[in-house]
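J.: Kindly return the folded structure for what I paste below:
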Amino acid sequence: MLEVSNLTAGYGEIIVLHNVSLKVQRGQIVSIIGANGAGKTTLLNTISGLVQQRQGSIKFLGEELPRQPHAVVRKGIVQVPEGRKVFAGLTVRENLILGGYSLKHKDIEQNLERVYELFPVLKERAAQYAGTLSGGEQQMLAVARGLMSNPQVMLLDEPSLGLAPRVVNTIFTIIQRIREAGVTVLLVEQNARKALKLCDYAYVLENGRITLEGTGQALMDNPKVRQAYLGE
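T.: Residues are numbered from 1 along each chain as shown. Below you'll find the predicted structure:
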C-alpha cells in the first residue's frame with residue numbers, strides 16, 4: 001500500500017535519512033523503533049510532505065506520492081504528530097471539524113458521530129477547550145482529528161509519549177481498534193516492547209538507516225534488539 005524506496009532526506013545541508021526503504025501492506029500495523037535522533041520523525045514528515053526528499057521515491061497504491069502536505073492528506077494519508085499538537089484555544093468539536101476540513105458538511109457530521117463512538121469521552125467533552133483536557137484525552141483528540149478525513153493510512157508519531165502507563169495501555173488498544181476499522185497504521189514509538197507486540201512487521205532505524213526488519217515477534221527475539229531497546 002505504501003512503499004518507500006532508497007529515501008534520502010534532511011534539513012538544509014544535513015542529511016538525516018540515508019537510503020531508507022520500507023513497505024506497509026494494507027491492513028497492517030507497521031512499527032518503526034529507534035533511539036532519539038534516529039530519524040523516525042523525519043521519516044514520517046517526509047512521507048507527509050513536510051520535509052522534502054532528496055532522492056528515492058514514496059509510492060502510495062503504486063503511484064508517486066505528491067510532495068505537498070494537503071495533497072498527501074487528500075490521497076488518504078494522515079499524520080498524528082508527536083506531542084499531540086491540539087488547538088488548545090478551540091473546543092474538542094472545533095478541533096475535530098478542522099480535521100475534516102476537506103470534506104463536505106454532511107460527511108463531517110457523519111464522521112463526528114463515528115469518532116464519538118470510538119472515543120466516548122470526546123463526545124462528553126465536545127464543548128470543552130482542548131487545552132483543558134488531560135494528556136491522554138488530548139492524544140485521543142489528536143488521533144480522532146486525524147480520523148476525521150477518512151484516511152486509508154495513519155502515521156502515528158510517539159502516541160504514548162509522556163503518558164501514564166494506564167493511559168498508554170488505552171492508547172495501544174485504540175490503535176488496534178483503528179486497524180480493525182480498516183485503517184492501516186505506520187507507528188513510530190519509543191516504547192519498543194509494546195510497539196513490537198502490537199505490530200505485524202517492524203523496522204529498526206539507527207542513525208538514519210534501516211538496520212533490522214522482521215515481524216514484531218522476530219525482532220523481540222533478536223538479541224541485539226532485546227539489549228538495545230527492551231532493556232534485557
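J.: who's in contact with the helix or strand where A202 lies?
T.: Under the criterion of DSSP states H and E, A202 resides in strand 201-206. The contact list for strand 201-206 (Cβ atoms under 8 Å, 6 or more residues apart in numbering) reads 20, 22, 25, 28, 30-35, 38-40, 43, 195-196, 210-216, 219, 225, 229. From N, CA and C alone the C-beta is placed, and that goes for glycine too.
J.: hmm, try it at 6 Å
T.: 22, 30-34, 38-40, 196, 210-213, 215-216, 219 (Cβ atoms under 6 Å, 6 or more residues apart in numbering).
J.: Direction included, what does it pair up with?
T.: Using DSSP bridges, strand 201-206 pairs in its sheet with strand 29-33 (parallel), strand 209-214 (antiparallel).
J.: Single out the most deeply packed of those strands.
T.: Of all the strands paired with strand 201-206, strand 29-33 has the most neighbours on average by mean count of other Cβ atoms under 10 Å, namely a mean of 25.
J.: From the contact counts, what lies against the following helix or strand past that one?
T.: Once the chain leaves strand 29-33, the next helix or strand it forms, by DSSP H and E, is helix 40-48. If contacts are counted by 3 or more Cβ pairs under 6 Å, 6 or more residues apart in numbering; DSSP states H and E, helix 40-48 sits against strand 153-157.
J.: coming back round to it: can you state the direction angle for the strand holding A202 and helix 40-48?
T.: Relative orientation of strand 201-206 versus helix 40-48 (axes from the mean of the first three to the mean of the last three Cα atoms, to 10 degrees): 120 degrees.
J.: Could I get the buried residue list for strand 201-206?
T.: Y201, A202, Y203, V204, L205 (16 or more other Cβ atoms under 10 Å).
J.: Ok, stretch 22-38 next?
T.: Those would be L22, V24, Q28, I29, V30, S31, I32, I33, G34, A38, for stretch 22-38 by 16+ other Cβ under 10 Å.
J.: Alright, calling it a day.
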